[in-house]
Structures are given as structure tokens and as C-alpha cells.
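Asker: predicted structure and sequence below. I'll ask about it afterward.
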There are 6 protein chains.
Amino acid sequence: MLRLTPEEIRGAVVAALREDVGDGDVTTLACIPEDAVGNVVLRAREPLVLAGLEFAEAAFRELSPNITLRQRASDGEEIPADGTVLEVTGPMRALLTAERVALNFVQRLSGVASLTRDFVGAIAGTRARILDTRKTTPGWRRFEKYAVACGGGTNHRMGLHDLVLIKDNHLAALAGATPNPIAAAVDRARLLYPHLKVEVEADTLDQVRLAAEAGADFILLDNMDPETLRIAVQTVAGRARTEASGGVRLETVRMIAETGVDFISVGALTHSARAMDLGLDTL
Amino acid sequence: MLRLTPEEIRGAVVAALREDVGDGDVTTLACIPEDAVGNVVLRAREPLVLAGLEFAEAAFRELSPNITLRQRASDGEEIPADGTVLEVTGPMRALLTAERVALNFVQRLSGVASLTRDFVGAIAGTRARILDTRKTTPGWRRFEKYAVACGGGTNHRMGLHDLVLIKDNHLAALAGATPNPIAAAVDRARLLYPHLKVEVEADTLDQVRLAAEAGADFILLDNMDPETLRIAVQTVAGRARTEASGGVRLETVRMIAETGVDFISVGALTHSARAMDLGLDTL
Amino acid sequence: MLRLTPEEIRGAVVAALREDVGDGDVTTLACIPEDAVGNVVLRAREPLVLAGLEFAEAAFRELSPNITLRQRASDGEEIPADGTVLEVTGPMRALLTAERVALNFVQRLSGVASLTRDFVGAIAGTRARILDTRKTTPGWRRFEKYAVACGGGTNHRMGLHDLVLIKDNHLAALAGATPNPIAAAVDRARLLYPHLKVEVEADTLDQVRLAAEAGADFILLDNMDPETLRIAVQTVAGRARTEASGGVRLETVRMIAETGVDFISVGALTHSARAMDLGLDTL
Amino acid sequence: MLRLTPEEIRGAVVAALREDVGDGDVTTLACIPEDAVGNVVLRAREPLVLAGLEFAEAAFRELSPNITLRQRASDGEEIPADGTVLEVTGPMRALLTAERVALNFVQRLSGVASLTRDFVGAIAGTRARILDTRKTTPGWRRFEKYAVACGGGTNHRMGLHDLVLIKDNHLAALAGATPNPIAAAVDRARLLYPHLKVEVEADTLDQVRLAAEAGADFILLDNMDPETLRIAVQTVAGRARTEASGGVRLETVRMIAETGVDFISVGALTHSARAMDLGLDTL
Amino acid sequence: MLRLTPEEIRGAVVAALREDVGDGDVTTLACIPEDAVGNVVLRAREPLVLAGLEFAEAAFRELSPNITLRQRASDGEEIPADGTVLEVTGPMRALLTAERVALNFVQRLSGVASLTRDFVGAIAGTRARILDTRKTTPGWRRFEKYAVACGGGTNHRMGLHDLVLIKDNHLAALAGATPNPIAAAVDRARLLYPHLKVEVEADTLDQVRLAAEAGADFILLDNMDPETLRIAVQTVAGRARTEASGGVRLETVRMIAETGVDFISVGALTHSARAMDLGLDTL
Amino acid sequence: MLRLTPEEIRGAVVAALREDVGDGDVTTLACIPEDAVGNVVLRAREPLVLAGLEFAEAAFRELSPNITLRQRASDGEEIPADGTVLEVTGPMRALLTAERVALNFVQRLSGVASLTRDFVGAIAGTRARILDTRKTTPGWRRFEKYAVACGGGTNHRMGLHDLVLIKDNHLAALAGATPNPIAAAVDRARLLYPHLKVEVEADTLDQVRLAAEAGADFILLDNMDPETLRIAVQTVAGRARTEASGGVRLETVRMIAETGVDFISVGALTHSARAMDLGLDTL
């Protein structure tokens, strides 16, 4: 499972604080005495799966060496409405200036984790697993994939470099030169990148068969209806692992899972999750 | 209106490509000949307000000096389903490797712009204007605020530095020391930051009155029902500009606008917009 | 008041040390044993207002974890000739290598603070306040504005982004299109940047009147003689705050203040302050 | 002579623009149409030696690809009052937004060059040369040393790494261990850094003699009166080059030069030069 | 095959120039007139396989916009002694200042490529392929792996992220908890990283069998003599691909290849290649 | 002697870890429990001179705050085969993930130090000293020069900025304009860079004489046979220091040293040292 390092978390938080604070939190500097001390809790205002708590912690810590943090929950945990996830004590100026950045991270990442958990829950009991995609916010790929893992999803490739995924466009480019572009593409990938797995996108059952015969490690079954998916799985017959993809929704995901596919990839996990509602309450 | 610079657009795109491509787009390198040339169009797959087109352009240009771009629409424009917004010709490798990054930017920013347009449309004919908030994706504030402007919204403060916004927490810290914390806070802000405007958050009509008397430039009317908003506006009586805020939804925004407030700020514009569906089609 | 963060201070000091030390302080490496320990004090060699002490501290600390610092004065304090502001104990190598960088910061910033104090002192008892300008050393704006605040001055806008300041060149560009460019410019600024204040530069009493009528928050009275300033203040009649500007000198500043203006901005504070004389003495 | 690279000039200008412009030049964006074109000249408002013209050029060019520049003078040239040094044509927005940054660089660097020229002129006809010191603005060493060279001065060491300069503190550290610390220090430096020159600071004629005998390449004659300087030069008798240093002023520099020293180093060139007055005039 | 981008090549060259040139190439600035033009060729002084030519080109181009380059050979080509690979015409100052950096890159990378070619040549006619390792110069992994590819070698994993390679230390950590650590480790890797291949290091024939049964994609045969390698290959029987590793030398590599292994990995390609002799000759 | 700073060591190690680890050490994350603790020693597997131990330490420390290090040897020390240089205790994950980066640094730098020691040993008892050159790995100059010093060598100039070294190409450029280019070049260098030493490359005895007469601090005797070197040394007669250079090998270095030259520079120290064999053993 993807692990974030303390350095990358801190790096993102420092950049976010710079973006938000600019030349200074003028309101806090004007109104709050330097020696005022406060005590706040971070609370869920709706049920959610927590992700990104360490970002919030880093935001507070970054603004003062005198912050005390008490974790009351962990990433991946299901939090009820009103559940407390963090207590923070320290200089009031630091608490107020860090608040929005802390919330912006944890609200968004918990949004991804919570949506993922919904999909994972919807297919419980089947053999399928939920995968993420590359449809992530630029600059946030590792964070959002981490949130997917917090929600119980499985991470697909990190980027264009760690899996060969041959799509229709790639095949089209080879079509003129060879009678079997799928086999040609798989062979070329095996030759150049022997240490990487190869996945082939198939839009038809014919392509499914050719991909399996070419020895692909994965076959991506793109935009197929459940019945076609079922036949595709039978066609593959264990020679490769299968991934269903394309417009998967919470209402349809279980039907897809029951076709016997190994994986279901869901772009919405990262491209359309809404922020969860969490807030800071003063004690 | 917020303007993005070519440098910041390119900077974000370069970082996104590094994130996605890593040590190389292995599929493209294996399957696509170096001299293959292609021709694609970027099309809306649903009606939307376009934002972020220059990010997509920068992604293609970054990967090859031989890219030709033809803009078919501009940011801020309403695009129908199937509307073409960009034509791209160039090395096939560059087209394929840049595709996902280009889409990730334009889908997200168009999502923000489209949602903003919905809110702006909903209050057409009233005097109110739609404002964004600081509930933006860390690292994306300027981009998302730009998308809000593309959608017809008005930008609120960029961060903690360019407007004094006195909230309940700030007032609480002054409460012990002075009988009228609102007046005290406004005075302190005026003294320290004479070149900045001052906004005061009011939760009650009493606070509204005190804020107006203290000479606030803006009064934020937080979580008030329409009737209270109406009275608040009358209370202020033009001494300050008024901003309604708190859980504003598409269904309720018009009713709020009709209370006579000057501004309505909407966090959802940036924290919960879903990505719009755009895609690349090969010609 | 502008606050510098420990990170930005350290960042500037690290860059300065890299600039000065390059591949190594060859003299110290050749002559000073690694285990030699020393004890120095930082002393004013002329009366001054201290600013930048934390930069000096950061320079010593950066070069050794075994530095002990004892602050004997604080930024903003008036130091007599021979007054000690800091005691430093630690490895002799670190003391010698950091010396010049530490001095370069504190000498320059104390120069700005001291000159500011002279101006502030010259107008004591009037209602006017001394403002800085954007005529700062590139890369040093926040540091120099901080030093101005240490000297008792008030900070004007941080840059081009946090105040609309309409000058003659801006008005000239609108002159053809509208009979009242001042009103037009103020209106446009209000529309696009409702959260920012607007200042208008006026070279004539006629412009002063138009600016006041247009609702400017500030009116900059540029290069006016005291008598004109006095009439301008009366013309404004409290509708806006007034700022006198242009070639202000120590000899003339009081006369200007006595015209009743709210602010006097002085470019020389940051563009022509000489370095104060401070030095390290070995104990 | 020190040469600045286009990259370092551009780097400093980009940072300065970021510092000054922040989230945008709101005044220009509000008032100036995007297609307005202008024409300005950069003019001296007092006699000066020009330095830093390329910084000004870079500032304009950075803000628009459509800037046309016509150089009317070169760095190092003496410019009369009202002399034009640069013509700039291009988008009015770029001209207005870049103005202050362009001026801040060229005013400061011309200040250093002009003061240097005064010192150089004051010793004309003697054999001495004017040297700069390490008393430069942190972050600006190369720029200020370049300006010194524009003014006709000679650059001393760039930093702690390219010349061994043994001062009293270094000698004090060796005093207990050896009867002749000067000879010991020079020997150690020769051993460790055979490719570097060695300078020794001397406060007394006795030290001058020891330094010459130790084979120092340079002897720094610190804070000596003219008569002592003269004897010191005779004592050295050509065995090393001599550098006078310490509180050198325009009024005293010629007397010092006439003692026969090879170099005179002047901290004020870089630590206390005032900005020259140059401005942009619209044509 | 690994492709270097123009940006990363330029980035490395700029850093190298900064490292070498520092505050300026004092010799060239002192001796060479600014307008002197020269013409040099880059020549092999011994037979070699060329790699890194674009680094040399970038070094010259970086120092002047007026450089003309004529490529006379390409990376991967075998160059005889005295063979010319590049002609460069341009300002003499740029030629002289860039020379050492240009040579340092091309000499080193050609060293890696040439040594690789020796290994590849030694096993010509067998089915085995030569792999590189992670024993690369920190900061140079992509460059050195590129040079390996220029020499005809095949790139192994780029780092710890794109292949699961289970070594004895990993197995030891699982030994207490399970009777078959190899199967357990492969299963865990399959679960967490379904999109990655799995390789298992085997020191004994028993481990070879267990790894094959566990379904490893690759089996690393570590430090086995040729006879054992042969039996290992038979044991695997095509269920996985085999990689011989450990102290492979030019004298022994063919014997190893003839055992039937698929790959032979050679650390010396990158950790101990000597620089090839190339130099610049003035025409 | 060149000293590396903790910051630059850490900087290089962090970059190397990023390069090697990428998105995560998937093998270790899959196989090693987070709470597993281990204990390893870094051992020489052949006799060597140690250099770079702090890089290895930094690699382990970077990956966990819970690492305990016990140094068993120091840089510059001769280590026998099987000698232990470092003990490391801490989280097994950190030990495994840092291993290769730690080894890559210490193996390479010890390679440079060991080869240097061989050259230094070969000339023991003569007056000559071994110098390094600028033939270093781009990005590693300071590290490799440090390793040379660990091996007992003396550092030559750091780059093009801290010594004027006039080579044949420089002289050729002056040849047309003056009858004595060596004298002209030395004079120009003295004028522009009075604080730097000047070395002149001589290919003939005639040039040696001219360089000595011109007052060069060093004369580089390029590619001369021992007999010519001897005459060159006599010709110089102590007026400058002499450096022999060009194709120096372990077999020939003593003969060169015995000619009486002061320095012998050896490019192979840094451009062709092989990595020493060190490894981690689990206890």
C-alpha cells in the first residue's frame, strides 16, 4: 500500500500555507495577542472515512513549535457524525492561521476515502476489487491514491511508467504494419521492458481473445455490459486478470462485480468526490 | 479579474507531467514510432463552461516543439455537448503522453466554471453577485479562482493577507478586554493595516448593527435565514456591503439573493465541483 | 504589523552564507582548530534603532548546533553607541565564518529602522503617520518593510496586488473613453476587486475633488507644496484619507505633517538608508 | 572583470516581479485595456554612472513577448541629467507592471557605480586602485560587485573561498601555540590551499614586517594614518602588494592613495550608496 | 528504451556549469576577446561506443546563443580512434568555458556504453541479454541506464518502485511466521501491487523450485556456478524468466550465457566503467 | 582541506533516495512488518581507504528517526578486508530501503580515496604532492575532491573561478596581437584579478622560461618526459611552483616525482576510479 512520507506531507502543507497566508494573516495579527493560547477539536460533521489527518497535524505544527496534538482517530477509520478526530492545543494565532489549510486537506482526502468505501462496500462478498485511475488532481496523485487505499481500494499504476497499458490508440498506430497489432504490441513491450507487466484494452470479445493469446498480464474490458463482461471473463479463462472499466456508478458496480472480473476501476473516486464536512470547534 | 501567467500555467503542467510520466510513457515508447504524426480534437461530452484550455495547450506543447494548436473556443465560453474546443496536430507520441494531464486540468477547471455559472444564472436579475471562498484545493487556489471568474463569479480575497475578516474566534479573544470587541477589532485593523478593507462576521442582528457602527467595509451575514438577512440588510442601510454565507445551495441561492445582499459566497464552487466530461477524439 | 517567519529568515541567511562562503572559508579552515571555542558580542558603534537581530542569530546557528545566544536587546529598541545587543558563544570557526553575513543583515536593516525613527520623531505630536513605499531592494521587500515597522513607521501596500492605486498613467489610458477617468477607474476597480481599497493619485486640487467624489478610500497628494496640501485636506473633508508623497526630506517632513494629512510616504526609508555601524568584539 | 549571465539577471528579475506583483497588478488589470500600447523612456534625473540596464530590460521583456527595447546607453557610461538610457515600446500593461522593479534595480546599481566612480576619480593619477569589500547586500554580491566594476573599481575576493585573508582573530587563535603566528598561518594556508593567494591583516608596522617576511601576497594595512601607511609601504618594499582599509571617505582617499599603497578598499561603495534618481517618462 | 528529455539534459548541464564555472571563467575572461570566434571538433582518442553527445551539445549551447553544432555521429555508434563526433563553431569564450563540462559528460557515459558493448559482444549468439543494476552514481541513474541502452544492454528496474524483487533479507523477515516465506512474500506482493511483476532471489536450487511454484515472474539466480545455473534453468522449465547475477566478468559472461539463462545482470557496467578518452581539437 | 557540510551531504542523499525509491520500496512495504527491527554492519570486502561514511549515515537517518548509528571507523582511515566501519540498528524497513543508496555513495568515494592513496604512497619520500583535476563527475566535484583529500591528495582549484590557468588555447588567442603572449596573459590576469594566483601551461622549455619570467605563480609542465621535467624544474629555479601533468600512471608517478616537481596532477583519481567493495551484513 502506498505510504506518504513525512517530508512530502510537510512539503505540501508548507506550500499550501504560503498560498493561503501570503504576507501574513492580517486579521489574526491585528486581533489575537501573541501569548493567547487555545484548544480546539477537529470534528466530523457527517459520517465519513477519515484520510489526511497528518496533513492537518502538519499545518498546525508548522506554525508553532508549541503545538500539542492528540490523535483521536486514524486514517482509514469510519467516523460517525460529531466524532472527534484530533485535539489541538497551542498558540491561538497558530490555530487560527492554520485552520483553513488543515481543513482543506482533510476534507478533500476524506471525500475520496469515503466515496471509495462506498464502492468497496457495494461489492462486498464478490471477488472483485476496486481500483483507482490516473484521473487525479494534478499535483495530488500520491495523496489521492493514498486516500483511495484508506477507503479500502487498491491502487492501480502510479503513472505512465510502471505498467504498459496498450490502448486502442496505440494499436491503431501499429495496425498498418502487422496483421495482429495486439500481439505485436505485447511483444515489443516484453522486449523493451521485461521487468514490467502488460495490460491490453479490449473493446470487443475478439480483442479479448487476442489479448489473452498474446500473453497479456491484464485485460481491460472497456465499457462492456454485464453480459459481455461475463463472456469475456470466460474467454480469458484465467490466462490473464480482468479489469472492468468505463462509467462505473455506485448503482451498477455490484452487477459488474458479479460478472467475475478481478478488478473494477472507477475514475470518479478521484475526479468527482465531494469534500466531506469537518470543522474545528473551540473548547 | 484574476489573470494566470504563462509561467505559472507551464509550471503546473510540467509538474503534472513529471508526476504522471515518471521515467517514461513506456506504452507509447514501445508501440508508437518516433515519426508517427497524429491529429486529435478536444471535445466536450456534455454541456459545460470552458476553463483551463491553456493548461491543455501547454501540456501538448511541453512534449514537442512540433505541436500545432488551433483554439476553437475560449475560456468562459458555454460549450454544447460534442462541441470542439481545441484541435491538436503533432507527433503521436506527444499527443498520447500528454492526453491525461491535459484532460485532468481542463475537466476540473471546467467543472468549477460550470458550477459557478449555474449559481450565477440562478440569481440573474438580482443585484447580488456570487463570490468564491478559501475552500480551494491546496496548490490550486489561483487556478480555481480563475475558473470561478470564467464562470461569471467574483473573486473574494486571495488569502489571509489581502482582507481583514474578523470572525467569531477573533472576537472571542478580545471579549474579556473590551466591552465592544467588534469596534476594538476594527480599530486595531485600521491602525495596523490602513491600506486594507475590513469585513466583520455577524451571527446576530445585534452584531450586524455593531459592525455597521464600527465602520466595517463588509459585513458577513453567516447562516441567516432569508427573513433575518432582509432585516440585516435594512439594519446596515448602505453603511457597508453585505455578504451572505453558509450552506448556500443552487435551490436556495435565489431566495437569498432576493433579500438584497450584495454578495453571496459559495464554498461548493471550489470544494465540491465534479469534473466535466471532455475527451480527445482522433481524426 | 508585518511579522517575519523563522523560515524566511533562515532561508535568506542560508542563501547569504552560500553566497559568501562558497566552497569554504579557507582562512578559518586553515588557521582555526576545529575544537577552538570563542565568545563574542555584537555591539553598536553608533546610536541606532535595532532591526534584524534574528538574522544575525540565524547566521551563527546555521553554522553550528553548538552555538549559545543571549539576546541583550530587541528589534525596535534604541541602542546607544557601544550598546551590546547579542552575546554569542560557540565554536570559533562558526563565529568567524558567520560574522560578515550576520553583520550585513543587521547593519542594513538597522539602517532602515534608524532612518525611519528619525522621520517618525520629526513629526511627533502631529496626527500624521510615516509610510514606506515599493522602492525597496528587490528580494528584500518584506525585510525592509519589517525594519520600517521596527522604526515606528506604518507599512503601505506590500505590492501591486493588495491595494488599487490609480496613477496618472492609468488615468491617461482611460482619458479618451470617458469624461471623468477618475470616476471610471474607481468604478472599474470596485467592480473587479470589491475586497480591496482604492487610492487615487492627484496632482491638482481638481483631481483631489474628483477623487473624493468618486469615493476613493485614499487620495495620494503628489508633490504638492504645504499650502496646496492644506487646501487639499480641506477639499477632501474627511471623505477619504490623504497621503502626501514626493521628495519628502527630514527637513521638510514636519511642515508637511502639519498640513493635516493622514500619511506621509517616504521612499528614502528603503532606497537610500546607509548601513549602521555595528561590529563583533571578542571577549 | 565580473560578468553577469543572462540567466542570473533574469532569475533576479523574475523573483522581484513575483515579490512586487503577487497575485496581480490589480490597478493595471482594472484600468488598462489589454490591447493598449505605450512608449516610454528611461531617463536619468541627475548625473550618474549607469549600471544594471539589463535588469530593467529583463523586467519589461518578462512581462510580454511583444516588448521592443532600444538601448541608448551602456553600463559604465556617464549619463548627464535628463539623459535617456532606454526606450521601451510595448503593451501598456507590461510597461506599467514592470516599472517599479525595473527602476529598483537600475537605481540601486547605478548608485553603487556612481559612488565608485567618485572614489576612482578622486585618486586619478596615483598608482592606487579602488577595491570593493564583502559588505554587500545579502543576495546581491555579484550584482553590486558588477556595479563596482562599472564604476571603474576593481573587484576584491568574491567571498571567503577564493583568497586566504588572515585577520587578527585568526592570529589570536594561533597565538598560544607558536611564537610567530603570522608565519604559522601563512604556512598552513600555503600547505592546504596552494592554488590560492594569501593576504595578512596588519595593525602595526611590526606585523607588516612579519607578514612581508612570511611571504604574504597581500598585506592589508588596517586603519593606519597616512604617515604610518607610508612607512608600511616602505617596509614592505615590493615583497607584497599593499591594501589600505578602514573608514575611507571621499575626502581622505586621495591622501591615502598618495602614500603609495597598491589598493584601497572601501566598504561604503556597497553598504551605503544611495539610489540614483532615474524615472520612466511616457512619450 | 529509456529516453532522456531535453529538459533533464539541460538541467544537468546547467548544474555542472554552475559547479565548474562558479563566479566566472577568470582565465577566459582575462585572455580571450569577447568577439573571438573559434572552431573545434570533438574526437575520440581511442575506439569507443558513443553516449551522451547531447550533453556536450547542451554545454556549448548554454554558454552562447551563437553556437553552431554539426553532429558527425550518434549515440550508440561505434567510433574508431580519431573519429570525429561533433563540430562546434562559435564564440571562443563559450568554447573554452564549456569544454571540460562537455567532456566530463561524454567521457563518462561513453565509458558505460563501451563497457556494456563489450559484455553484449561477448555473449553474441546466445539467447541471453545483459541487464544493468541499481549500482549507479547517485544523481546519474537515468543517464547511466541510458548509456547502458546505447551500448546494447537492456534496462532492469529503474528503482525500488517498479518491480518487486524479494531478496534473502526480505524472506528472513517472514521466516518465523510462515513455513514457505517465498510463497507468502509473492502472495503479499500480488495482493498489494497487482500491476507490478515479482522477482525472487534464489541462492539454492531448492529456492529456485519454490520461487517457480510460487509463480514468480523472474527468478534471480545469485552467485551460482555455471553447472548449477544450468540445473536451475531446467528446474524453472519456462515457468519464469531467469536472471544470473553476481561477480560477472568479461571472461566469464559467455559461459554463464550458455547455461540458458534469459538475463545476466552486471553491476560493473555502471559502478566501475572507466572514462573513455575524447578531446577537443582546434581546427 | 575541503569540508563537506551536513546540509550538502543530506541534500545529495535525499535526492539519491528520491531517485532510487520513487513511489515506494514496494518489496519492503509488501514483505517487512512496520515494527520489525534489525541490526546491520557495513563492512569492507577488500582493503580500502574509507571516504563518504557520513553519506551512508545520512541515508539511514533520513528514512527513520529511530536509527542508531555507531561509527567504527573514520573517513581517511585504511580499512582491512572484513573491517567493520559502521553499525546500524533501527527499523528493518529503513535499513533495507536505504541500503543501496548508502552503498552507492561510500563505494564510489572510497574508490577515489583508495586510488589517491595508491598514488600518494607511490611517491612517499619525495617532495612532490598529488593534485586532483577538474575531471570529476558533474554534480560530484566537491564530494570527489573531498575523497581525494581523504586519500592524502591535495586539492587543486575548485573550478574555473579560483585560479587563473592559462592554457595553449588562451595563448593562441593572444598570439597575433603580441610578441609575448605569456607575459601579456599574465599581465591581464594580474590586472583584472589581483586576488587570484596565476598558472601557465608550458609544453616546451622555452615556454617554461617565459612563464617564469612573466611571474607566474605556477607552471604546468604538460606531457613532458622525466628528463625534460628535470630541466624545466632547473629552469624555473624556484621562481614558481611546478606541476607535472598528463597521462600519469601508478607505474610512472615515482619517476616523475623524482624530477623535483612540486605537484603532480592525476585525472584518473576522479575520472576512472573503480568502486570499492563494501556491503551490509545482517547481525
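Answerer: Okay, I see it.
Asker: show me where the stretch 1-150 of chain A has helices.
Answerer: For the stretch 1-150 of chain A, the helices defined by DSSP state H, counting those that start in this stretch occupy A:6-21, A:26-31, A:53-63, A:92-122, A:141-150.
Asker: of all the ones you listed, which lies closest to F:R254?
Answerer: helix A:6-21 (50.1 Å; Cβ to Cβ). Where you see a C-beta, it was placed from the backbone N, CA and C, and this is true even at glycine.
Asker: might you report the residue contacts of the residue in the stretch 101-250 of chain A that chain C sits nearest to?
Answerer: As assessed by Cβ to the nearest Cβ, chain C sits closest to A:V101 within the stretch 101-250 of chain A, at 14.5 Å. By Cβ atoms under 8 Å, 6 or more residues apart in numbering or on different chains, the contact list for A:V101 reads A:V13, A:A16, A:L17, A:D20, A:A59, B:P138.
Asker: quick one, grab the pLDDT at the second one.
Answerer: pLDDT, A:A16: 98.
Asker: who's in contact with it?
Answerer: A:A59, A:V101, A:N104, A:F105, B:P138, B:G139.
Asker: tally of neighbours for the fifth one?
Answerer: Other residues within reach of B:P138, judged by other Cβ atoms under 10 Å in any protein chain shown, total 23.
Asker: before we move on, what about the last one?
Answerer: Taking other Cβ under 10 Å as the neighbour definition, B:G139 ends up with a count of 19.
Asker: ok and the residue in the stretch 101-250 of chain A nearest chain D?
Answerer: Closest point on the stretch 101-250 of chain A to chain D, by Cβ to the nearest Cβ, is A:V101, at 17.1 Å.
Asker: can you check chain A too?
Answerer: Counting by Cβ to the nearest Cβ, chain A gets nearest chain D through A:G22, at 7.2 Å.
Asker: name the nearest residue to that residue, ignoring sequence neighbours.
Answerer: Nearest residue to A:G22, sequence neighbours excluded (Cβ to Cβ, 6 or more residues apart in numbering or on different chains): B:H161, at 3.5 Å.
Asker: so is that neighbour in a helix, a strand, or just coil?
Answerer: What DSSP: H, G, I helix; E, B strand; the rest coil gives for B:H161 is coil.
Asker: quick one: contacts for it?
Answerer: A:V21, A:G22, A:D23, A:G24, A:D25, A:V26, C:M158, C:D162.
Asker: so the fourth one sits against B:G159, correct?
Answerer: No - contact criterion Cβ atoms under 8 Å: A:G24 and B:G159 do not qualify, at 9.6 Å.
Asker: how about the strands in the stretch 101-250 of chain A?
Answerer: With DSSP state E, counting those that start in this stretch as the definition, the stretch 101-250 of chain A shows strands at residue ranges A:129-131, A:164-166, A:198-202, A:218-222, A:241-245.
Asker: list the contacts of the helix or strand of chain A with the lowest mean pLDDT.
Answerer: Ranking every helix and strand in chain A by mean pLDDT, DSSP states H and E puts helix A:168-175 at the bottom, with a mean of 89. Helix A:168-175 is contacted by residues A:181-182, A:184-185, A:201, A:203, B:27-28, B:31-33, B:36, B:92, B:96, B:282 when judged by Cβ under 8 Å, 6+ apart.
Asker: ok, and the closest non-adjacent residue to the residue in the stretch 101-250 of chain A positioned nearest to chain F?
Answerer: Evaluated by Cβ to the nearest Cβ, the stretch 101-250 of chain A has A:M158 as its residue closest to chain F, separated by 4.7 Å. Spatially, and ignoring its direct neighbours in sequence, A:M158 is nearest to F:D23 (4.7 Å; Cβ to Cβ, 6+ apart).
Asker: residue contacts, the one you found?
Answerer: Neighbours of F:D23 in contact, by Cβ under 8 Å, 6+ apart: A:L2, A:R142, A:M158, A:D162, B:G22, E:H161.
Asker: how much space between it and E:L160?
Answerer: 9 Å (Cβ to Cβ, to the nearest Å).
Asker: per-residue confidence for A:R129?
Answerer: Looking at A:R129, its pLDDT reads 98.
Asker: care to break chain A down by domain?
Answerer: Using automatic domain parsing, the domain parsing of chain A gives A:6-115+A:274-282, A:121-271.
Asker: run a quick neighbour tally on the closest residue to A:G90 other than its chain neighbours.
Answerer: Leaving aside its sequence neighbours, A:G90 sits nearest to A:I67 (Cβ to Cβ, 6+ apart; 3.8 Å). For A:I67, the count of nearby residues is 18 (other Cβ under 10 Å).
Asker: any idea how far A:I67 is from A:V37?
Answerer: Applying Cβ to Cβ, the value for A:I67 to A:V37 is 11 Å.
Asker: joint contacts of these two?
Answerer: A:T89, A:G90, A:P91.
Asker: name whatever forms a beta bridge with the last one.
Answerer: With DSSP bridges applied, A:P91 shows beta-bridge pairing to A:V37.
Asker: who are the neighbours in contact with it?
Answerer: A:E34, A:D35, A:A36, A:V37, A:G38, A:L63, A:S64, A:N66, A:I67 are the contacts of A:P91 under Cβ under 8 Å, 6+ apart.
Asker: tell me the contacts of the first one?
Answerer: The reference is to A:E34. Counting by Cβ under 8 Å, 6+ apart, A:E34 has contacts A:P91, A:R93.
Asker: what's the answer for the second one, then?
Answerer: A:D35 makes contacts with A:P91, as judged by Cβ under 8 Å, 6+ apart.
Asker: so how far is A:A94 from it?
Answerer: 12 Å.
Asker: circling back to that earlier point, of all the contacts of A:V101, which comes closest to B:D262?
Answerer: Nearest member of the contacts of A:V101 to B:D262, counting by Cβ to Cβ, is A:D20, at 24.4 Å.
Asker: what's the pLDDT at the closest one?
Answerer: A:D20 is given a pLDDT of 98.
Asker: and if you look at A:A177?
Answerer: 81.
Asker: close enough to count as contact, it and B:C31?
Answerer: No - assessed by Cβ under 8 Å, A:A177 is found out of contact with B:C31, at 10.8 Å.
Asker: more neighbours: which of those two?
Answerer: The neighbour comparison of A:A177 against B:C31 (other Cβ under 10 Å) goes to B:C31, with 28 against 9.
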